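Undergrad: From the sequence below, what's the structure:
(2 chains)
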Amino acid sequence: MLTLLLLALLNGVCIGLCRILNGRLGQASDAYYASLWNHGVGFVFLSLLLVSMPTPPIAGLLDAPLYAWLGGVVGAVFVVLNTLVILRLGATLCSLLVISGQLLSGVLFDLVVKAVNPLQLLGVIIIFVGVLAFRRMEARSNSPKQQPLHNQPLKPEKR
Amino acid sequence: MTTKLIRQLMPQLMPQEAAQLMPQEAAQLMPQEPKSQAYIDLKPQASTPLNLMLGLLGGVALAVMIALNSELAKYGSPLLASWVAHGVGTLVALLLLGAVRLRQAALTRRNGAAPWWAYLGGLSGAFTVVLGAMTVNSALGLSASIAFIMAGQILFGLVCDSLGLFGMARRRLNWGQGASLTVMALGALVVLLAQEGA
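TA: Take a look at the predicted model:
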């Protein structure tokens, strides 16, 4: 059980690492470039895995509805969005926002399909209180003494 | 008089000081020339409503992607579905990149130098699929897996932010920011547990 638990934690670390590395690449170029490399490298890696492992036949996928094939479209957009935001907000806040967005869309989906558990709505409200509080706290903490490195104008000045 | 002088000198003084402290990070944070319109700026106070909304929107996109992928996985395996998603994603990203660079007329521009490991984000992203398949279909179960995966992301993010690892800007949280993040995490936990119960 402990092994499984550690594996799940490691999974989270891998996700975080993936987004931070994309952020670093986006910093050198742009978010679209990072998205391209992320998907390209992942595709090659998964191809190697599929070749080396026994897998169900690919032909079975042809029976799937067309929209099920479009996960990659949304995925490419997601990496672009995440790469843009992670450098501005930091990995911690960015992860929390993405997680909140995921859970929020789950709640919205429930809202349409079935009755929503009031606890879910309470959780959503708590999340938004946290987001707003973070914004307030950041504005207050932004004094030059605390953050000597990051308080400089980072954009090159026009002369 | 003196204060005026110092104020004039400050812009020149501060970058030098930073460069002495952390030569590599400072060089990463302050690109010498503007590279494109898509330049990502790293202002310290960046939790603007737009950025926060974009972060949340990313989460919504991720949820949609996972829903579509698991639909596809029913006709094969999670690995196969992720393989297709990465293939489609590569094509879409190529189209997006082409469209953006054509519009900016910046086809000739060079990409800034990125360290080799920055290109390997896709590797750990794809590895996640394997790890996910191992934990979700085990005694740990789905919602506990999700909770620990989320915890892993947040903890790793905290480490990278506070130490400035992997080219992230170094961010030291004050108590208020830490408390706000804790409140967000608690809210997420409440939603997750409520969804399980429903």
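
Undergrad: Output the below-cut-off pLDDT ranges for chain A.
TA: A:141-159 (pLDDT under 70).

Undergrad: Run through the helices of it in chain order.
TA: For chain A, helices defined by DSSP state H occupy the ranges A:2-28, A:31-52, A:71-89, A:91-113, A:118-141.

Undergrad: how far does the third one sit from the chain's center?
TA: Spelled out, that is helix A:71-89. 7 Å (C-alpha atoms, centre = their mean, to the nearest Å).

Undergrad: same question, stretch B:170-187
TA: 17 Å.

Undergrad: pLDDT (mean, whole number) over it?
TA: On average, the pLDDT along stretch B:170-187 is 84.

Undergrad: buried residues in that stretch?
TA: Using 16 or more other C-beta atoms under 10 Å in any protein chain shown as the test for burial, stretch B:170-187 gives B:170-171, B:173, B:177, B:180-181, B:183-185, B:187. Where you see a C-beta, it was placed from the backbone N, CA and C, and this is true even at glycine.

Undergrad: is it true that residue A:30 touches residue B:114?
TA: No. Contact status for residue A:30 versus residue B:114: not in contact, 11.4 Å apart, counting by C-beta atoms under 8 Å.

Undergrad: Show me which of the two is the more surrounded one.
TA: residue A:30 (27 against 20; other C-beta atoms under 10 Å in any protein chain shown).

Undergrad: ok, that one to residue A:54 distance?
TA: Distance, residue A:30 to residue A:54, using C-beta to C-beta, to the nearest Å: 40 Å.

Undergrad: what does residue B:103 give?
TA: Taken as C-beta to C-beta, the span from residue B:103 to residue A:54 is 45 Å.

Undergrad: and those two? which has more neighbours close in?
TA: Ranked by neighbour count (other C-beta under 10 Å), residue B:103 and residue A:54 place residue B:103 first, with 9 against 6.

Undergrad: tell me how far the ends of stretch A:80-96 are from each other?
TA: End-to-end distance for stretch A:80-96: 17 Å, by C-alpha to C-alpha, to the nearest Å.

Undergrad: Let me fix that, I meant to ask about stretch B:115-122.
TA: Stretch B:115-122: ends 15 Å apart by C-alpha to C-alpha.

Undergrad: quick one: contacts of it?
TA: A:17-22, A:24-25, A:28, A:34, A:37-43, A:45, B:86, B:166-167 (C-beta atoms under 8 Å, 6 or more residues apart in numbering or on different chains).

Undergrad: Next: stretch B:81-97.
TA: A:32-33, A:35-36, A:38-40, A:42-43, A:46-47, A:50, A:61, A:69-73, A:75-77, A:79-80, B:65, B:68-70, B:72-73, B:122, B:126, B:129.

Undergrad: Whichever of the residues you listed end up buried, select them in PyMOL.
TA: For the buried members of the contacts of stretch B:81-97, the matching PyMOL selection, counting by 16+ other C-beta under 10 Å, is:
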select buried, (chain A and resi 32+33+35+36+38+39+40+42+43+46+50+61+69+70+71+72+73+75+76+77+79+80) or (chain B and resi 65+68+69+72+73+122+126+129)
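
Undergrad: returning to that earlier point: in JSON lines: the helices of chain A, plus distance to residue B:191.
TA: Listed next are those as JSON lines, based on distance: least, C-beta to C-beta, whole Å:
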{"stretch": "helix A:2-28", "distance to residue B:191": "17"}
{"stretch": "helix A:31-52", "distance to residue B:191": "28"}
{"stretch": "helix A:71-89", "distance to residue B:191": "20"}
{"stretch": "helix A:91-113", "distance to residue B:191": "4"}
{"stretch": "helix A:118-141", "distance to residue B:191": "3"}
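
Undergrad: Ok, which of those helices comes nearest residue B:160?
TA: helix A:91-113 (4.9 Å; C-beta to C-beta).

Undergrad: Could you pull out the buried residues of the closest one?
TA: A:91-107, A:110.

Undergrad: Considering only these, which also neighbour chain B?
TA: Contacts with chain B are made by A:91-107, A:110 out of the buried residues of helix A:91-113, judged by C-beta under 8 Å from any C-beta of the partner chain.

Undergrad: Show me the strands in chain B, by range?
TA: Counting by DSSP state E, chain B has no strands to list.

Undergrad: Now tell me which helix or strand of it has the poorest mean pLDDT.
TA: helix B:2-21 (a mean of 44; mean pLDDT, DSSP states H and E).

Undergrad: tell me, how many neighbours does residue A:17 end up with?
TA: What residue A:17 shows, counting by other C-beta under 10 Å, is a neighbour count of 25.

Undergrad: these two touch, right, it and residue B:153?
TA: No. Counting by C-beta under 8 Å, residue A:17 stays clear of residue B:153, with 9.4 Å between them.
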